[in-house]
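Undergrad: My questions concern the predicted model and sequence given below.
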Amino acid sequence: MTDARRIVIVGAGPAGVRAAETLVAAGVRPIVLDENARWGGQIYRQPPANGGFQRSKKALYGFEARKADALHTTMAALLPHLDYRPDTLAWACEAGRLDTLNAGREISVPFSHLIIASGATDRVLPVPGWTLPGVYTLGAAQVALKSQGCAIGRRVVLAGTGPLLYLVAYQYVKAGAHVAAVLDTSPLSQQIAAAPKLARLPATFAKGLYYVTWLTTHGVRIEREVSSLAVRGEASVQAIEWRASGSSTATETIACDAVGISFGLKPETQLADLAGCRFRFDAGNRCWLPELDAAGRSSVRGIYLAGDGAGIAGADAAELAGRRAALALLDDLGIAHPRGPGLRDAASLERGLQRIAVFREGIETAFAPPAHCAAQWPDDMIVCRCEEVDAGALRRCIRDGEANEINRLKALTRVGMGRCQGRMCGEAALSLLSEETGKPLDALGRLRSQPPVKPIPLSPALYADGVAEIPAEARDE
Ligand SMILES: Cc1cc2nc3c(=O)[nH]c(=O)nc-3n(C[C@H](O)[C@H](O)[C@H](O)COP(=O)(O)OP(=O)(O)OC[C@H]3O[C@@H](n4cnc5c(N)ncnc54)[C@H](O)[C@@H]3O)c2cc1C
């Protein structure tokens, strides 16, 4: 590749791998970088090469084992035709350049064209006790199983809402872990109402129903429409409490030593934001998303987005969108579309994406995050754990009339200003602002991203010889 045509893909999940495959088939050699050590992304995450445990693909990926294997095999075959950079975090992005970190080494990666396929992360909404040791997101609970071959506890409760709730419960029980209960904040009626849209992808819908039925027949307690979730414990998790559907006062409690909790997924859009892409509010995803055309072109020339990082749509959609964005990029470079087995044309990719979009609307209806939960948050509950900002501090700032916009609230209280840069607490702060002001989420501004998009060491010296060692004089902090 000449310097004038330097194509970079961030993310080696379903979207990134299929984008790379399409580019390579057209004779282009992209750089593919991923912060993970191995390709596969979230759903097809591979255990470490020398992880010390063995689980078959069938055990790791269940019904998706064949797709996982196909993606892994594709990427392995592409390696000689790519500049693949694992363990490489893209922590900042500006016009024509990514800043990356690999094993403590700062590497600036210029690009002429960039496909951002950075996927999603859990949607975190706080509940009392959520900062206790032993509380994980549902995604993290699954990462522990896939990547480390372990469960998050001996007696686990999974809570929140979203398809991952039932999938992780199923995977845990199948792997021999003890799931004491599944607590879903969504009502069954909402899930039934979504059935016609979910039925647009009958095989996927059937899998979801299978997980729930399997859990029920294996004696796993499932409670729906729960509210007022609270994790209890002194030094770590000892129990979880909730209010059952229809009850206005009585709470129930179940003992556990670990909790996995989240409320669906949200796209990782920070790199697009730093690159200057225009955003729009998306009611389905309940968040701001980069403006894209049907092919994945952003408002910034040469920058494309694909997969869950452009809006949550799932792994099958991510594969289609990755291919579609790569075709758009080839069009923009005037390179003919590749032909061959598995390589579909742009129109058929877009039709596939539209079909999945209807299913996705069903998922968002079935598993909408609980409305008005921010109204129940006690004043002393931490919302932003990096900066230790509680709900009371945010309420006081809003009620004093000092902040009616999210970046103003951040500036005045430091919510979202710490290590996570709002990736964990941003949605909670926005929900609270919306609850207090009575304004819809889209009228309260968009939390602006700042580099680094994920925590990085202050000094590469901390990583000397690949070992993270904090100098003595810095240890007190
Ligand atoms: C924790 C978690 C678990 C999930 N489990 C399931 C599941 O079991 N079943 C299911 O159907 N769906 C699951 N999903 C959703 C599913 O992962 C996605 O629908 C699908 O993987 C989307 O593919 P993608 O290529 O868009 O993103 P991903 O598969 O998420 O891949 C994105 C890749 O980009 C990399 N990346 C992100 N940011 C950077 C950066 N700044 N620098 C370098 N690399 C970066 C990540 O390391 C990752 O490998 C899960 C999602 C999450 C967040």
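TA: Thanks, I have the structure now.

Undergrad: Grab the nearest non-local neighbour of the spatially most central residue of the chain.
TA: By CA atoms, centre = their mean, the chain has its centre lying nearest to residue 121, at 1.6 Å. By the measure of CB to CB, 6 or more residues apart in numbering, the closest residue to residue 121 outside its immediate chain neighbours is residue 268, 5.7 Å from it. Where C-beta positions appear, they are placed from N, C-alpha and C, glycine not excepted.

Undergrad: Quick check: which element contains the residue nearest to the centre of the chain?
TA: Here residue 121, judged by DSSP states H and E, is contained in strand 120-122.

Undergrad: if we can go back for a sec, the residue nearest to the centre of the chain contacts residue 265, doesn't it?
TA: Yes: the pair residue 121 / residue 265 is scored as a contact, 6.9 Å apart, by CB atoms under 8 Å.

Undergrad: tell me, what's touching those two both at once?
TA: Among the neighbours of residue 121, those also in contact with residue 265 (CB atoms under 8 Å, 6 or more residues apart in numbering) are residue 139.

Undergrad: burial count for the closest residue to the ligand within the stretch 351-477 of the chain?
TA: The ligand sits closest to residue 453 of the stretch 351-477 of the chain, with a gap of 5.4 Å, by CB to the nearest ligand atom. Residue 453 has 23 neighbours, counted by other CB atoms under 10 Å.

Undergrad: give the contact list for residue 387.
TA: 413, 414, 415, 416, 417, 418.

Undergrad: Confirm that it sits in a helix.
TA: No: residue state for residue 387 (DSSP: H, G, I helix; E, B strand; the rest coil) corresponds to coil; a helix is not indicated.

Undergrad: can you give me the strands for the stretch 51-200 of the chain?
TA: 83-85, 88-94, 97-102, 105-110, 113-116, 120-122, 135-136, 156-161, 179-184 (DSSP state E, counting those that start in this stretch).

Undergrad: I'd like those written out as JSON lines, with distance to the ligand and mean pLDDT added.
TA: JSON lines is the format used below for those (distance: least, CB to the nearest ligand atom, whole Å; pLDDT from 0 to 100):
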{"stretch": "strand 83-85", "distance to the ligand": "9", "mean pLDDT": "97"}
{"stretch": "strand 88-94", "distance to the ligand": "4", "mean pLDDT": "97"}
{"stretch": "strand 97-102", "distance to the ligand": "7", "mean pLDDT": "96"}
{"stretch": "strand 105-110", "distance to the ligand": "11", "mean pLDDT": "94"}
{"stretch": "strand 113-116", "distance to the ligand": "8", "mean pLDDT": "98"}
{"stretch": "strand 120-122", "distance to the ligand": "5", "mean pLDDT": "97"}
{"stretch": "strand 135-136", "distance to the ligand": "10", "mean pLDDT": "98"}
{"stretch": "strand 156-161", "distance to the ligand": "13", "mean pLDDT": "98"}
{"stretch": "strand 179-184", "distance to the ligand": "15", "mean pLDDT": "98"}
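
Undergrad: Make CSV from these and add distance to residue 14 to it.
TA: Shown next, in CSV, are the strands of the stretch 51-200 of the chain (distance: least, CB to CB, whole Å):
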stretch, distance to residue 14
strand 83-85, 16
strand 88-94, 18
strand 97-102, 21
strand 105-110, 22
strand 113-116, 13
strand 120-122, 12
strand 135-136, 24
strand 156-161, 23
strand 179-184, 26
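
Undergrad: So which of the ones you listed is the most surrounded?
TA: Sort those by mean neighbour count, taking mean count of other CB atoms under 10 Å, and strand 113-116 sits at the top with a mean of 29.

Undergrad: Nearest spatial neighbour of the residue of the stretch 351-477 of the chain closest to the ligand, chain-adjacent residues omitted?
TA: residue 270 is the one closest to residue 453 (CB to CB, 6+ apart), at 4.0 Å.

Undergrad: circling back: for the strand holding residue 121, packing partners?
TA: Judged by 3 or more CB pairs under 8 Å, 6 or more residues apart in numbering; DSSP states H and E, the packing partners of strand 120-122 are helix 138-148, strand 265-267.

Undergrad: what does the stretch 151-300 of the chain put close to the ligand?
TA: Counting by CB under 6 Å from any ligand atom, the positions of the stretch 151-300 of the chain adjacent to the ligand are 164, 167, 265, 268, 271.

Undergrad: biggest separation within the residues you listed, which pair?
TA: The distance between the two most remote of those (CB to CB) is 27.2 Å, for 167 and 271.

Undergrad: of these two, who's got more company?
TA: residue 271 (25 against 20).

Undergrad: Which residue is the nearest non-sequential neighbour of the more buried one?
TA: In this structure, residue 271 finds its nearest non-sequential neighbour in residue 93, 4.5 Å apart by CB to CB, 6+ apart.

Undergrad: How about the contacts made by the one you found?
TA: Residue 93 sits next to 99, 114, 271, 272, 274, 275, 451 when contact means CB under 8 Å, 6+ apart.

Undergrad: what's the spacing between the longest helix seen in the chain and its chain's center?
TA: Under DSSP state H, the helix in the chain containing the largest number of residues is helix 346-366. Here the centre of helix 346-366 is set off from its chain's centre by 19 Å, with CA atoms, centre = their mean, to the nearest Å.

Undergrad: Output that helix as PDB - backbone C-alpha positions only.
TA: These are the backbone C-alpha positions of helix 346-366, laid out as PDB (Å, rounded to 0.1, in the frame of the first residue of the first chain):
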ATOM      1  CA  ALA A 346     -23.900  -3.900  -1.700                       C
ATOM      2  CA  ALA A 347     -27.700  -4.100  -2.300                       C
ATOM      3  CA  SER A 348     -28.000  -7.600  -0.800                       C
ATOM      4  CA  LEU A 349     -25.900  -6.500   2.300                       C
ATOM      5  CA  GLU A 350     -28.200  -3.600   2.800                       C
ATOM      6  CA  ARG A 351     -31.300  -5.700   2.500                       C
ATOM      7  CA  GLY A 352     -29.900  -8.100   5.200                       C
ATOM      8  CA  LEU A 353     -29.200  -5.100   7.400                       C
ATOM      9  CA  GLN A 354     -32.700  -3.800   7.100                       C
ATOM     10  CA  ARG A 355     -34.200  -7.100   8.000                       C
ATOM     11  CA  ILE A 356     -32.100  -7.200  11.200                       C
ATOM     12  CA  ALA A 357     -33.000  -3.600  12.000                       C
ATOM     13  CA  VAL A 358     -36.700  -4.600  12.500                       C
ATOM     14  CA  PHE A 359     -35.600  -7.500  14.800                       C
ATOM     15  CA  ARG A 360     -33.500  -5.000  16.700                       C
ATOM     16  CA  GLU A 361     -36.400  -2.700  17.200                       C
ATOM     17  CA  GLY A 362     -38.100  -5.700  18.800                       C
ATOM     18  CA  ILE A 363     -35.200  -6.200  21.200                       C
ATOM     19  CA  GLU A 364     -35.200  -2.600  22.200                       C
ATOM     20  CA  THR A 365     -38.900  -2.800  23.000                       C
ATOM     21  CA  ALA A 366     -38.700  -6.100  24.800                       C
END
